[in-house]
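Novice: output the structure for:
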Amino acid sequence: MRTEKELQGVTLLGNQHVHYSDDYNPDVLETFPNKHPENEYLVTFDCPEFTTLCPKTGQPDFGHIYISYIPRERMVESKSLKLYLFSFRNHGDFHEDCVNIIMKDLVKLMDPKYLEVTGYFMPRGGISIYPFANYADPEHEELKNQRLRESMTTVLNRK
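Specialist: Next up is the predicted model:
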C-alpha cells in the first residue's frame, strides 16, 4: 500500500471539488513515485475523447490519443492527466502541435526513460491526421527510432 508521504503530491484523486480548466493547463499534472524503478515496464493511457479547436476556424477537432511511457522515478497520476487532456478542449492548435505539446509536457513532468504520444484525429474536410511524437533517453534511442519507423509503416499500410 502507498504511504501518505508517497501520495503527498496527489491532490486531485478523490477530490470532489476539482476545477475543470477551460484552456490548456499543464500545471494540473501531478506525479507520484514509481515503486519499481528497477523494472523496465510500459504504461499506456488511452484517451478516446480528446478534443481541441482548430486555431484558424475555432471549430472543434476530435481525436483519440494514446500515451505510452517507460517510467523512471516519477509517474503521472491518471486523474491529473485526464484533467490536463480535457484542458485542450478550448485550446486552438493543430493536431501535430497538440501531440508534441503533450509529449514535451510529460517529459518535463516525469523525465521518463521513453515516451510516445499518438493522435488519431477524425477527418475534417475529408482528411484524417495521425501525428506521432516520441522521446527517449540515450539508453532508449534505438527504441525511439524503431517506434518511429513502425509508426510510419503503420500509417502507410492504412491506405
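Novice: stretch 52-66: how far from the chain's middle?
Specialist: 15 Å (C-alpha atoms, centre = their mean, to the nearest Å).
Novice: again but with stretch 74-91, I slipped
Specialist: The answer for stretch 74-91 is 8 Å, by C-alpha atoms, centre = their mean.
Novice: and what of stretch 136-146?
Specialist: Taking the mean of its C-alpha atoms, stretch 136-146 sits 18 Å from the chain's own mean (C-alpha atoms, centre = their mean).
Novice: would you mark the buried spots in it?
Specialist: Residues 136-137, 140, 143-144 are the ones in stretch 136-146 that count as buried (16 or more other C-beta atoms under 10 Å). No exception for glycine: its C-beta is placed from N, CA and C like everyone else's.
Novice: among the residues you listed, which are in strands?
Specialist: Mapping the buried residues of stretch 136-146 onto strands (DSSP state E) picks out residue 136.
Novice: which stretches in the protein count as strands?
Specialist: Secondary structure of the chain, counting by DSSP E: strands at 31-33, 43-53, 60-70, 74-76, 114-121, 132-136.
Novice: let me know the angle separating the second one from strand 60-70.
Specialist: Note on geometry: by axes from the mean of the first three to the mean of the last three C-alpha atoms, to 10 degrees, strand 43-53 and strand 60-70 are set 160 degrees apart in direction.
Novice: again with the last one
Specialist: Going by the same axes, to 10 degrees, strand 132-136 is angled at 20 degrees with respect to strand 60-70.
Novice: helices along this structure, start to end?
Specialist: For the chain, helices defined by DSSP state H occupy the ranges 78-86, 95-110, 141-157.
Novice: for the least confident helix or strand in the chain by mean pLDDT, packing partners?
Specialist: Lowest on mean pLDDT, DSSP states H and E among the helices and strands of the chain sits helix 141-157, with a mean of 86. The contact analysis (3 or more C-beta pairs under 8 Å, 6 or more residues apart in numbering; DSSP states H and E) places helix 141-157 against strand 114-121, strand 132-136.
Novice: show me what the shortest one is packed up against.
Specialist: Read that as strand 132-136. Judged by 3+ C-beta pairs under 8 Å, 6+ apart, strand 132-136 is in contact with helix 95-110, strand 114-121, helix 141-157.
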